[in-house]
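>>> One predicted model, sequence on top.
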Amino acid sequence: MTHTPKSSPPPPGTALPVLPAVPAQAAPPARPSEKPLAPPAPSTGPRRTAFAEGLDQLRSAATTEPGRLRIIGALLALLVIAFGAVTAWQMTDRAAAADDVLTRSQPLSSDAADIYRSLADANTAASSGFLAGGQESAATRDRYERDIRTAAEKLVNAAANADPDSPSTATIAELNRLLPQYKGLVERARTYNRQGFPVGGAYLRYANEKMQEQMLPAAEDLYKKENQRLRADYAAATPYPWAAIALGVAALAALAWAQHRNYRRTNRVLNHGLVAATATATVVLLWLVVGHTLARAGLDDSFDHGVRSLNVLHDARIASLKARGNENLTLVARGAETKKVGERTYDAYDYDFGTDIKDLAGYLAAAEKLADDDSGERPVTAAMGNMREWKKRHAAAREQDENGNYQQALDRVIGTKDPTGECFDSVDENLRTALAHEETEFKRAAGDGRDALTGMPAGVAVLAVLGAAGAVVGIGRRLSEYR
Amino acid sequence: MRDTLRGWGGVTAMAVVCALVALVALCLPLTTTTKTAQNTTATTRTAETKAEGDCEAPEKQTLSPSSADGDTIRKIKDREGGKRKLIVGVDQNSYRWGYRNPNSGKTAELEGFDIDLVHRIAEDILGDPDAVQFKAIPTNQRIPAIQDGSVDMVVRTMTINCDRIADVAFSAPYFKTGQQVLAPKSSRVKGYDGTLAGRKVCTAAGSTAYSKLEADQKAGELPADTDISITVPNQLDCLVRLQLGEVDAVVTDGALAASQAAQDPTVELKGDAFTAEYYGVAMKKDADDLVRRVNQILVDYRKDTANGWQASYDRWLSATLGKDAKKSEPPAPQYLRTS
């Protein structure tokens, strides 16, 4: 850093390369002391480099007080400008990252979770429709259509926000390719169902296979990638700007030393220029530290109480969807698939239902612990109640099915009187409320964090220029006494 | 000097001996395993030839009919309360054989030719035609489901063949069919012949169709470049693949192929049946009393003109297989199995 002034003195004769604020009046007094010293430089031979000559001049300048003052002034101005520049640069990065957290990566991560949810929900709705037979209800059909629409819209949004050539773009393209295929299979299944042909069920199984084996893994992958991006943005917004802080402390120390030196030489306490420079540097440093601490606090808060809750709630919603899907498939498959765990053989889908419900319970417990206020906790507690009722009704439905009463089992799952579907809908609705609440919390905290950085880069740059000017003027004042 | 040399000599000799022992120890298990492997292949080969030798007419390898209750039937009858039901593995995807009509109204009951027979068996054993718990099982799970006892019997368009009678016991045949090729009407495939060259053919995993294709391709009777690698859990899934253009033809039992053609007017059966097969009710290997009982039920079922075999055929299959049931009727049963 310090070699810049040394190398910059241009042609011989001018020893004031970096002091534009103190031009004419400072130069003349320096000349007499330089004149006698200047000749030896060219006499050493024309081969010497400009750098070496400049170094010589600097060395000779340092032997006189005005020369030293010039160097000190140049260094002070440079330190203050560097402090301002590094602060502005580092804070621009952090402000941009904080803005990305709020307006880009978090919404995209939520969108990705929504894509997954919509797809899984559409698949569940389609299988419910199949279970209900030709009498697919308007509610089920609407739900399916809405889910497909949501997924398509969010995919467009995700595509618009993803960088070309990024892995997310490839995943989004894959999902965009699969979605119409899936929809086509489901439509065929519906048509055949209406005609009373079992090949409709075969189409639905094929659609389900496509969803489970290709689309949902891709959607999960997208969700993970968007979450990584969110984490990366947090990581870019929160670290302390150590370089700026260190430079600020150095600039302040240099200013203090310059004033102390001034006081020792002249016995004068205050030099207006230097005091002004010190004041602006102090303001910049305080603004930097306080502003960033506030922003950090806001962002950390938004992560702890927003993002973490949101993630757990999204996971819970997905687990409840998987559970519902498996509950339906238990009846669709009718014992076609079994799974051996240890000595016992279970129905594969019912076994997965058990795992999903266990996951759901875990996520709900975690969400309850993370909820930091009443309005966040209430829907989660309600969802836990719904889940317990769901488990109870599910057990009753399974008992019917295991006794061979398929119709009764079906009625308890998708029927009209106290079916398990009601519990699933309540869980989903409560989780939706909880998600909306946490989303608001997140936006508030992250918004506070981002706003703490508003105007900092520009303000800091202006102040730094003012501070540098103050330092130069202050030193110029001392120099003028040598006239 | 010589002493030290002699000492080293002893050490070297011991090392050589050790190495030899190790070598022998390593090689011994190798040779023995290859020997046993050869032995086992030899025994399986003899077993196969034996099975094939014994297996002239697998559909005749069943026990004579009897209405007496044995251990298996007693266990079914002893089931309590809501569980006093006959557990039967069926198909829910075979149009007019065992399927759920999506438009059958509020009920989700399965219906079809196989299902009628199941109700008849339940009525005879438990006195209630509806005392049945249906389990839908994929084609390749039929034998495992019987063996591990998760179903009492399988009534699911199951062909009686030599491989299977080694694992499960069959009733007398209740239907006659044969493998047939199904392809789009516009297709150049003309039947089970050279026109299948370079085509993709779909079969159900674990089906007789797949075994036949595999064997014929090895024997050179089916073109070598016919792709038979696409298998699906259920024959109906083949129709899906055919409609989506993922395969060029389907091979399955003529009875099921006709059901597929009935669901899509743009496909048809190509050529004649190239095998003769019989469907039977499959049960556990040692459930002798149940096998005899089912055979008795079948005798009565075929005699019953009002509500028996013919009535069920007319109701479900005459539309797809023709009014005349002659070519689907199984031959008069023979009961050659004695133990």
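Sure, I can see it.

>>> For residue A:439, grab the count of nearby residues.
If you count neighbours by other CB atoms under 10 Å in any protein chain shown, residue A:439 ends up with 17. Heads up, the C-betas are built off the backbone N, CA and C, glycines and all.

>>> so when I look at it, I'm seeing a strand, right?
No. Read with DSSP: H, G, I helix; E, B strand; the rest coil, residue A:439 is helix and lies in no strand.

>>> residues contacting it?
Residues counted as contacts of residue A:439 (CB atoms under 8 Å, 6 or more residues apart in numbering or on different chains) are A:110, A:306, A:310.

>>> between the residues you listed, which has the most around it?
Most neighbours among the contacts of residue A:439, by other CB under 10 Å: residue A:310, with 25 neighbours.

>>> picking that back up, quick one: which of the contacts of residue A:439 is nearest chain B?
Among these, residue A:110 lies closest to chain B (CB to the nearest CB), at 35.1 Å.

>>> Verify the stated contact: that closest one with residue A:310.
Yes. With contact defined as CB atoms under 8 Å, residue A:110 reaches residue A:310; the gap is 6.9 Å.

>>> where along the stretch 301-450 of chain A do the strands fall?
A:338-341, A:344-347 (DSSP state E, counting those that start in this stretch).

>>> what does the stretch 101-250 of chain A give?
Under DSSP E, counting those that start in this stretch, the stretch 101-250 of chain A gives no strands.

>>> Enumerate the residues of it near chain B.
Contact residues (CB under 8 Å from any CB of the partner chain) of the stretch 101-250 of chain A with chain B: A:130-131, A:133-135, A:188, A:192-203, A:205-206.

>>> So which of those are in helices?
Counting by DSSP state H, those place A:130-131, A:188, A:192-195, A:199-203, A:205-206 in helices.

>>> Filter the contacts of residue A:439 down to the ones in helices?
Those of the contacts of residue A:439 lying in helices (DSSP H): A:110, A:310.

>>> Need the contacts of residue A:439 in TSV (columns: pLDDT).
Formatted as TSV, these follow (pLDDT from 0 to 100):
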residue	pLDDT
A:110	91
A:306	90
A:310	93
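
>>> how about the helices in the stretch 301-450 of chain A?
Ranges of helices within the stretch 301-450 of chain A are A:308-333, A:348-370, A:374-402, A:406-414, A:420-451, based on DSSP state H, counting those that start in this stretch.

>>> Give the rounded mean pLDDT of the shortest one.
Here the mean pLDDT over helix A:406-414 is 89, rounded to a whole number.

>>> Show me how far it is from its chain's centre.
The chain centroid and the centroid of helix A:406-414 are separated by 46 Å under CA atoms, centre = their mean, to the nearest Å.

>>> mind listing what's buried in it?
The neighbour-count check on helix A:406-414 (16 or more other CB atoms under 10 Å in any protein chain shown) flags A:406, A:408-414 as buried.

>>> Kindly identify which of those also come near chain B.
Filtering the buried residues of helix A:406-414 for proximity to chain B by CB under 8 Å from any CB leaves A:406, A:410.

>>> Would you mind naming what in the stretch 1-150 of chain B lies close to chain A?
Counting by CB under 8 Å from any CB, the residues of the stretch 1-150 of chain B near chain A are B:81-83, B:85, B:87, B:92-95, B:99-109, B:131-138, B:141, B:148, B:150.

>>> and the gap between the residue in chain A positioned nearest to chain B and residue A:461?
In chain A, the residue that lies nearest chain B is residue A:404 (2.9 Å; CB to the nearest CB). Distance of residue A:404 to residue A:461, given as CB to CB, to the nearest Å: 79 Å.

>>> Then residue A:185?
Using CB to CB, we find residue A:185 at a distance of 59 Å from residue A:461.

>>> In terms of neighbours, single out the busier of the two.
For residue A:185 versus residue A:461, the count of surrounding residues by other CB under 10 Å is larger for residue A:185: 23 against 18.

>>> For the residue in chain B that chain A sits nearest to, list each beta-bridge partner.
Across chain B, the shortest distance to chain A (CB to the nearest CB) belongs to residue B:133, at 2.9 Å. Counting by DSSP bridges, residue B:133 is bridged to residue B:87.

>>> For stretch A:351-371, buried residues please.
Using 16+ other CB under 10 Å as the test for burial, stretch A:351-371 gives A:351-353, A:356-357, A:359-361, A:363-364, A:366-368, A:370-371.

>>> returning to what we had before: since we're on the residue of chain B closest to chain A, how many residues are nearby?
21.

>>> That one is in contact with residue B:84, isn't it?
No. Using CB under 8 Å, residue B:133 is not in contact with residue B:84, being 10.1 Å away.

>>> ok, so what distance separates the closest residue to residue A:200 other than its chain neighbours from residue B:273?
Excluding its sequence neighbours, the residue lying closest to residue A:200 (CB to CB, 6 or more residues apart in numbering or on different chains) is residue A:192, at 3.2 Å. Separation of residue A:192 from residue B:273 (CB to CB) stands at 27 Å.

>>> neighbour count winner among these two?
Neighbour count, other CB under 10 Å: between residue A:192 and residue B:273, residue A:192 has more, with 23 against 19.
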